[in-house]
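A.B. asks: Let me see the structure of the following:
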Amino acid sequence: MARYIGPKSKIARKFREPIFGPDKALDKKNYPPGQHGNSRRRKTSEYGIQLQAKQKAKYTYGILEKQFRNIFKEASRRKGITGENLLQLIESRLDNVVFRLGISPSRAGARQLVLHRHITVNGGLVNIPSYTLKAGDVIGVREKSKSLFVITESLSTQGKSFSWLEWDSEKFQGKFLNMPPREEIPENIQEQLIVELYSK
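C.D. replies: Sure thing, here's the model as predicted:
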């Protein structure tokens, strides 16, 4: 199962961004972890910068290396810009869309809801977090799960809405309208560096 269970603040400090959500440790120590984290470091090589961009994307979305490489291969096969295709394919994963719709406050929580069979796609139960959604797919909360505190609490504090997603609060279901435009994906990921890394 693709999930990181180690210290999240350490990873956030490594990238100097709250990639797992608000982080007090990052606010206090905005420098890399480790004995020499707050000291001057040698200039990072081109390969190091590219590798860091890939690792950041993997941690942000909770994807393991093999899965990530397979998504990249699929992105390369598709027409258009490979980097944009890569992010769009990742964004169309079921666990990510459950998070984007506000059904869960985090991607890790969204993954758990999918695995525990609380989420439906087009009326049928789907328990595969990496399930790729297509335009027109309807994502819903199973009838028995609509009263779950974790879901109702998350939906009550629903934040940003996205143009490629539609949410019906009465039916507890959303619709995946289309692949997200790159400019509307809020994560600070430099996909071109990832493309350059895999193209070597």
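
A.B. asks: Please count neighbours and contacts with C-alpha atoms only from this point.
C.D. replies: Will do.

A.B. asks: Break down this structure into its helices, ranges please.
C.D. replies: In the chain, the segments counted as helices under DSSP state H are 8-15, 24-28, 46-61, 65-77, 82-91, 94-100, 107-115, 149-156, 191-198.

A.B. asks: Could you tell me the average pLDDT over the fifth one, please?
C.D. replies: Read it as helix 82-91. Taken as a whole, helix 82-91 has a mean pLDDT of 97.

A.B. asks: out of the helices of the chain, nearest to residue 184?
C.D. replies: For residue 184, the closest of the helices of the chain is helix 82-91, at 10.5 Å, according to C-alpha to C-alpha.

A.B. asks: which helices and strands does the closest one pack with?
C.D. replies: helix 65-77, helix 191-198 (3 or more C-alpha pairs under 8 Å, 6 or more residues apart in numbering; DSSP states H and E).

A.B. asks: now for the first one, which elements pack on it?
C.D. replies: The one in question is helix 65-77. Helix 65-77 is packed against helix 82-91, with contacts defined by 3+ C-alpha pairs under 8 Å, 6+ apart.

A.B. asks: on that earlier part again, please identify the most buried of the helices and strands packed on helix 82-91.
C.D. replies: Counting by mean count of other C-alpha atoms under 10 Å, helix 191-198 has the highest mean neighbour count of those, with a mean of 18.

A.B. asks: Kind regards, and thank you for your time.
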